[in-house]
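1. Got a sequence here, can you build the structure:
(one chain, ligands or ions: 1)
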Amino acid sequence: MSVNNRKNPRMNLRHARDHVRLPIFFSMRARYGPIHRTCWTVLIARHTLIALGLIAALGPNAVANTALATPFTIESRNTISDLAAQTHTTSELALQLSVANIDRWDDAEVITALRTAANLLAQCEIRITVTDLLRIRVPDSHRYFDTPRSRELARALALPKPTLYFTAGTRQVPAFDAEAIGRGNSRSRPELTDTVWIARGARDLGQVIAHELVHVLMDSGAHDNSSGNLMAEQTSPQNTQLNTAQCAQMRSTGTRNGLLRPGVN
Ligand SMILES: [Zn+2]
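-> Residues are numbered from 1 along each chain as shown. Just a heads-up that it's a prediction; the model follows:
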């Protein structure tokens, strides 16, 4: 299996339905050679969200019935406050994350990587204040990043954004370690707006998370191959820095898009 660690932003206008030409950025790191889908999974009902949302309201019998009809089950929820070790500043912006673990990733590995990412974003005075860590059981068909099925999953869960999905891998072609989807590349797949999809086995996981979150917050697939820059096409432990312009764009666009909020306590 070949390994290709280059990040490949690209333009894709096939799905742009508006008059404005929107770049579709694939902000990610190629890891595998092309992976071909080897099976075709059964389509699921589109009422999962309703089922999930009404479980509490409909009583025990409803729980039993909907459990049979619902392919996605939230097994546990763990809220983590203040991932980064930092002091509060008056100009910091708060970021709340939803993290969907859909392939039984080790919680400790995920949390360690999230802490690394939080410390990287802190250089722009962005503070991950709350992280909702959910362990979700999904059918095998939905454990991978695969646009139609991932759309179904995201639509059904309707988690607050940004949402990070820790997956079994990807069935996208080309295949990448991680993929970020912002406003500019989600017109044809709105459920995936402001989400990041991370494949099992991604290296430099903390840097990857931070890198993809920057793409989402900036709503841009831009890279910067300056020495040491976090947004270099190729992530590495040495690429950790964000410059003043990157911080400014992330803070302004993230705030405008409702992903960052001022006034951290
Ligand atoms: Zn990127």
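2. Correct me if wrong: residue 232 contacts residue 223.
-> Yes: counting by C-beta atoms under 8 Å, residue 232 sits close enough to residue 223 to count as a contact (6.4 Å). Quick note: C-beta positions are derived from backbone N, CA and C, even for glycine.
3. what does stretch 112-120 contact?
-> 80, 83-86, 97, 99, 127-128, 131, 205-210, 213, 230, 240, 242 (C-beta atoms under 8 Å, 6 or more residues apart in numbering).
4. ranges for the helices of the protein?
-> 48-69, 107-121, 147-157, 205-218, 244-256 (DSSP state H).
5. which strands and helices sit next to the shortest one?
-> Think helix 147-157. Applying 3 or more C-beta pairs under 8 Å, 6 or more residues apart in numbering; DSSP states H and E, one finds that helix 147-157 contacts helix 48-69, strand 163-167.
6. rank those by pLDDT, which is bottom?
-> Note on the helices and strands packed on helix 147-157: helix 48-69 shows the lowest mean pLDDT, a mean of 41.
7. List the contacts of residue 96.
-> Here residue 96 is in contact with 128-132, 160 (C-beta under 8 Å, 6+ apart).
8. ok, residue 203 to residue 234 distance?
-> 11 Å (C-beta to C-beta, to the nearest Å).
9. And for residue 168?
-> 23 Å.
10. May I see the buried residues of the longest strand along the chain?
-> Secondary structure of the chain read by DSSP state E shows that its longest strand is strand 126-137. Neighbour-count burial for strand 126-137 flags 126-137 (criterion: 16 or more other C-beta atoms under 10 Å).
11. ok, residue 208 touching residue 202?
-> Yes: at 5.2 Å, residue 208 and residue 202 qualify as touching, with contact defined as C-beta under 8 Å.
12. Quick check: the spatially most central residue of the chain vs the ion, distance?
-> The C-alpha lying nearest the average C-alpha coordinate of the chain belongs to residue 196 (C-alpha atoms, centre = their mean; 1.8 Å). Separation of residue 196 from the ion (C-beta to the ion, to the nearest Å) stands at 11 Å.
13. roughly how far apart are the closest residue to that residue other than its chain neighbours and the ion?
-> Leaving aside its chain neighbours, residue 196 sits nearest to residue 212 (4.2 Å; criterion: C-beta to C-beta, 6 or more residues apart in numbering). Distance, residue 212 to the ion, using C-beta to the ion: 7 Å.
14. cool, residue 167 as well?
-> 17 Å.
15. burial count for the nearest residue in space to that residue that is not next to it in sequence?
-> Nearest residue to residue 167, sequence neighbours excluded (C-beta to C-beta, 6+ apart): residue 145, at 5.1 Å. For residue 145, the count of nearby residues is 28 (other C-beta atoms under 10 Å).
16. what pLDDT does residue 145 get?
-> For residue 145, pLDDT reads 98.
17. for residue 174, same thing?
-> Looking at residue 174, its pLDDT is 89.
18. same check, this time on residue 149
-> You'll see residue 149 listed with a pLDDT of 96.
19. That one contacts residue 155, doesn't it?
-> No: taking contacts as C-beta under 8 Å, residue 149 lies outside contact range of residue 155: 10.6 Å.
20. Who has more neighbours out of the two?
-> residue 149 (19 against 14).
21. which residue packs closest to that one, ignoring adjacent ones?
-> Computed as C-beta to C-beta, 6+ apart, the closest residue to residue 149 that is not its neighbour in sequence is residue 142, at 4.9 Å.
22. wait, isn't the one you found in contact with residue 154?
-> No: with contacts counted by C-beta under 8 Å, residue 142 stays clear of residue 154, the gap being 10.1 Å.
23. For stretch 191-201, list every residue counted as buried.
-> For stretch 191-201, burial by neighbour count (16+ other C-beta under 10 Å) applies to 191-199.
24. Equivalent analysis for stretch 236-243, please.
-> 239-243.
25. Endpoint to endpoint, it covers what distance?
-> Taking C-alpha to C-alpha, to the nearest Å, stretch 236-243 runs 17 Å from one end to the other.
26. Kind regards, and thank you for your time.
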